[in-house]
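model this:
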Amino acid sequence: MKTNICILWLLFGVVNLGFAQNAQDIIDGLKKDLKANPETKKTASIYSDLTWYYSKISIDSALHYGSKALSESKKLNDSTLMAQVYSDIGAVYFIKGDFVNSKQNYLSAYKIRKLRKDSRGLAKINNNLANIYEKTNQYKAAMASFIEALSYFESIKDEKNIGIIKGNIGLIHLKLKNYPKALQYIQEVVAYQEKNNFTEDLCVSCLNLGNVYLNLNDTINALKFYNKSIKACTAVGNKKGISSGFNNIASIKSEQKKSKDALALYQKSKQAREELNSDLDKTNFDLNLATNFLANNKFKEAKALLLRTRKFYEQTRHNEKLQKNYKCLIKVCSHLNQPDSVGFYIDKLAVLNEELLVSKAEKQTAELETKYQTEKKERLIQKSKAEIATRELEIKRKETQFLILGLISLALLIIIYLVYRQQKLKNKQQEQEYELKSAIAKIETQNKLQEQRLAISRDLHDNIGSQLTFIISSIDNIKYAFDIQNAKLDSKLNSISNFAKSTIIELRDTIWAMNKSEITFEDLQARIHNFMEKAQEAKEDIHFSFLVNPLLKSTTFSSVQGMNLYRTIQEAINNSIKYAQPKNVAVSIQPDKNGIGITITDDGKGFDQETTIMGNGIHNMQKRIQDIGGQFEMASQLNQGTTIQIRLKNQ
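This is a model prediction of the structure:
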């Protein structure tokens with residue numbers, strides 16, 4: 001069965017989502033948004049959307065808004081939006097049948113997406129370019145582009161787009177008259193789209209499956225899927241699909257000699273195409289209608305349509321359609337008894353056939369040249385790969401050398417560090433040994449000094465102490481043995497006895513200090529208390545007090561420091577008793593912010609510091625405190641008592 005079938009080719013950049021409502025309603029909404037967002041970045045996006053939706057219902061309007069979208073996206077310098085607009089305009093030109101401009105726009109989009117490394121966008125454009133190659137009978141190039149796009153979408157497991165491209169590959173097999181293969185591909189796509197309710201995609205897939213069945217002479221299934229396509233296209237407002245469906249059913253009715261039904265269907269197809277305003281679709285429709293007129297012996301009507309379509313096909317170089325047009329004109333002119341016209345169109349057809357043969361030969365030559373250039377490039381690539389491999393080996397060898405040198409350097413650094421660490425440990429050990437020896441020597445020295453102090457203290461106690469005791473005893477014996485009437489002599493003997501007794505007390509204090517390696521404030525407190533008790537016995541009218549802060553009781557001093565403090569406090573109390581005639585004498589030892597403070601106060605008669613010459617006692621006290629690293633201060637005023645301040649730094 002010979003039929004005039006309109007095949008609807010799927011455009012990847014255009015048919016990519018379903019209509020949730022009538023296309024015109026969406027367009028009205030977009031125009032409203034455009035008024036609300038003038039001179040903004042959103043404007044270009046709205047123009048792009050309008051291009052997409054108008055491609056369904058008005059090619060001229062789609063191209064108008066496509067031009068505006070492109071202009072706005074260039075002003076914004078938005079490469080992403082620019083690539084999308086180029087794709088949309090390419091799709092509109094494809095629907096119009098202007099494959100030259102369609103390809104040019106797709107290639108512009110391709111260039112941008114390649115710079116942006118947009119693999120998904122490149123796959124879509126490959127699919128669209130493949131549709132153009134198919135339309136211009138470049139099946140090999142079309143198949144190569146489809147396969148490249150399919151490879152990408154399979155890698156990301158995008159099943160929807162995999163189905164779309166498989167449908168396009170099925171159409172290539174249909175063109176090549178490999179109907180079983182075409183049926184296999186397109187049936188798989190239709191099943192997937194029906195399962196997922198992809199209504200927009202079913203418009204095309206069902207139409208194409210109907211074409212396969214028609215070429216297999218299965219008109220029942222062909223009509224079934226044509227009607228399915230029309231139903232889906234009506235649901236989403238796809239006028240091109242509606243027109244193609246009615247046109248193909250009309251062709252079947254025409255073959256079945258049902259001219260009335262065929263004309264009614266052609267009229268529906270024509271109405272849909274006029275609303276779409278696609279020059280190619282209108283011309284294809286007129287050619288199909290002319291063949292129907294020819295089949296029904298309406299030669300004049302057929303000739304009028306053929307002459308009109310011939311002009312368009314000659315201008316746009318649709319050579320396959322032009323061949324069909326010339327053949328129909330030869331038949332029409334023959335039936336109309338116009339031999340000159342018959343001869344004219346026979347010559348035209350012969351020239352066209354010759355051009356197609358030459359074009360085919362050129363194409364084959366070009367393919368051979370391409371093959372040669374490809375092989376040449378492959379040889380160059382292999383050579384380059386060999387050079388690259390050699391360079392990589394050299395680089396790898398150098399990297400290995402650097403790695404070995406690095407490891408050797410690292411090993412040397414580790415060895416140097418270990419030697420340094422060992423030497424440091426050795427030095428530290430030697431320092432510790434030296435410190436230990438120094439400590440031992442110090443301890444030994446201290447022990448020797450302690451032994452010497454003990455020996456000296458024993459000598460003092462045993463020799464000088466016993467001699468002083470003997471002197472006191474001898475004086476007492478003289479006083480009792482002789483009745484001494486001389487008052488001066490008696491007084492002198494008493495003075496010698498008291499001096500000896502005082503010397504013994506001081507000697508005991510000195511021996512006590514020498515026998516101690518450390519002296520605490522608690523030790524001093526006990527010693528000073530003994531001294532104060534004896535002073536209290538001699539001076540019953542004076543009240544003595546001594547206070548040490550509990551926090552300081554355990555504070556230690558060397559024997560020299562302790563003895564100097566004791567002597568200083570003792571001298572201060574003695575001076576108060578001798579010269580001040582006080583009622584109260586107080587000693588207080590308290591911590592302060594810098595160390596320890598010792599205060600000795602009396603409420604005696606005091607003295608004028610500016611006029612009074614200080615005696616040896618005061619100078620001795622100052623000297624003792626300075627020797628132990630302390631500060632000595634004295635303050636006194638007439639009739640206001642005397643205060644002595646001693647400050648010792650923290651040990």
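
all helices of the stretch 451-600 of the chain, in order?
Assigned by DSSP state H, counting those that start in this stretch, the helices in the stretch 451-600 of the chain fall at 466-481, 487-514, 521-538, 559-575.

okay, angle between the third one and helix 559-575 too, please.
With axes from the mean of the first three to the mean of the last three CA atoms, to 10 degrees as the basis, helix 521-538 and helix 559-575 are set at 20 degrees to each other.

name the helices or strands packed onto helix 521-538?
Using 3 or more CB pairs under 8 Å, 6 or more residues apart in numbering; DSSP states H and E, the elements in contact with helix 521-538 are strand 543-548, helix 559-575. Yep, even glycine has a C-beta here, placed from its N, CA and C like the rest.

tell me the angle of the shortest one relative to helix 559-575?
Angle, strand 543-548 to helix 559-575, by the same axes, to 10 degrees: 160 degrees.

name every strand pairing with strand 543-548 and say which way it goes.
With DSSP bridges as the test, strand 543-548 is paired with strand 584-592 (parallel).

may I see the buried residues of the helix or strand T43 falls within?
For T43, the host element (DSSP states H and E) is helix 41-57. Buried residues in helix 41-57, counted by 16 or more other CB atoms under 10 Å: 43-57.

is it true that L129 touches S108?
No. With contact defined as CB atoms under 8 Å, L129 does not reach S108; the gap is 11.9 Å.

so for those two, which residue has more residues nearby?
Neighbours per residue (other CB atoms under 10 Å) separate L129 from S108, with L129 holding more: 24 against 19.

what helix or strand does the more buried one sit in?
Using DSSP H and E, L129 sits within helix 119-135.

tell me what that helix is packed against?
Applying 3+ CB pairs under 8 Å, 6+ apart, we find helix 119-135 packed against helix 79-96, helix 99-115, helix 139-155, helix 159-175.

for the second one, buried residues please.
It stands for helix 99-115. Buried residues in helix 99-115, defined by neighbour count with 16+ other CB under 10 Å: F99, S102, K103, N105, Y106, S108, A109, Y110, I112, R113.

burial measure for H335, as a count.
Considering only other CB under 10 Å, H335 is surrounded by 15 other residues.

per-residue confidence at it?
If you check H335, the pLDDT there is 86.

quick check: closest non-adjacent residue to it.
Of all residues not flanking H335 in the chain, F299 sits nearest, at 4.9 Å (CB to CB, 6 or more residues apart in numbering).

S243 too?
A272 (3.8 Å).

gap between that neighbour and Q626?
Note on A272: its distance to Q626, by CB to CB, to the nearest Å, is 122 Å.

which one of these two has more residues nearby?
Taking other CB under 10 Å, A272 and Q626 do not tie; A272 has more neighbours (25 against 12).

may I see the buried residues of whichever strand or helix holds the more buried one?
Counting by DSSP H and E, the element that carries A272 is helix 259-276. Within helix 259-276, the residues scored as buried using 16+ other CB under 10 Å are S259, A262, L263, L265, Y266, K268, S269, K270, A272, R273, L276.

does the second one touch F246 like I think?
No. Counting by CB under 8 Å, A262 does not reach F246; the two are 10.2 Å apart.

neighbours around the residue lying closest to N238 once chain neighbours are set aside, how many?
Excluding the flanking residues, the one nearest N238 by CB to CB, 6+ apart is C203, at 4.8 Å. For C203, the count of nearby residues is 31 (other CB under 10 Å).

please save the CA atoms from the helix or strand hosting C203 in PDB.
Using DSSP H and E, C203 maps to helix 199-215. Extracted in PDB, the C-alpha atoms of helix 199-215 (Å, rounded to 0.1, in the frame of the first residue of the first chain):
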ATOM      1  CA  THR A 199       0.900  12.400  27.600                       C
ATOM      2  CA  GLU A 200       2.900  15.000  25.700                       C
ATOM      3  CA  ASP A 201       5.500  12.500  24.600                       C
ATOM      4  CA  LEU A 202       2.700  10.000  23.600                       C
ATOM      5  CA  CYS A 203       1.500  12.500  21.000                       C
ATOM      6  CA  VAL A 204       4.600  11.800  19.000                       C
ATOM      7  CA  SER A 205       5.300   8.200  19.900                       C
ATOM      8  CA  CYS A 206       1.800   6.900  19.100                       C
ATOM      9  CA  LEU A 207       1.900   8.800  15.700                       C
ATOM     10  CA  ASN A 208       5.200   7.200  14.800                       C
ATOM     11  CA  LEU A 209       4.100   3.700  15.900                       C
ATOM     12  CA  GLY A 210       1.000   4.200  13.700                       C
ATOM     13  CA  ASN A 211       3.400   5.000  10.800                       C
ATOM     14  CA  VAL A 212       5.400   1.800  11.400                       C
ATOM     15  CA  TYR A 213       2.200  -0.400  11.400                       C
ATOM     16  CA  LEU A 214       1.000   1.400   8.200                       C
ATOM     17  CA  ASN A 215       4.200   0.500   6.500                       C
END
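
next one: that helix to chain centre, how far?
How far helix 199-215 lies from its chain's middle: 49 Å, per CA atoms, centre = their mean, to the nearest Å.

okay, angle between that helix and helix 159-175 too, please.
Relative orientation of helix 199-215 versus helix 159-175 (the same axes, to 10 degrees): 20 degrees.

against which helices or strands is helix 199-215 packed?
For helix 199-215, the elements it packs on are helix 159-175, helix 179-195, helix 219-236, helix 239-255, judged by 3+ CB pairs under 8 Å, 6+ apart.
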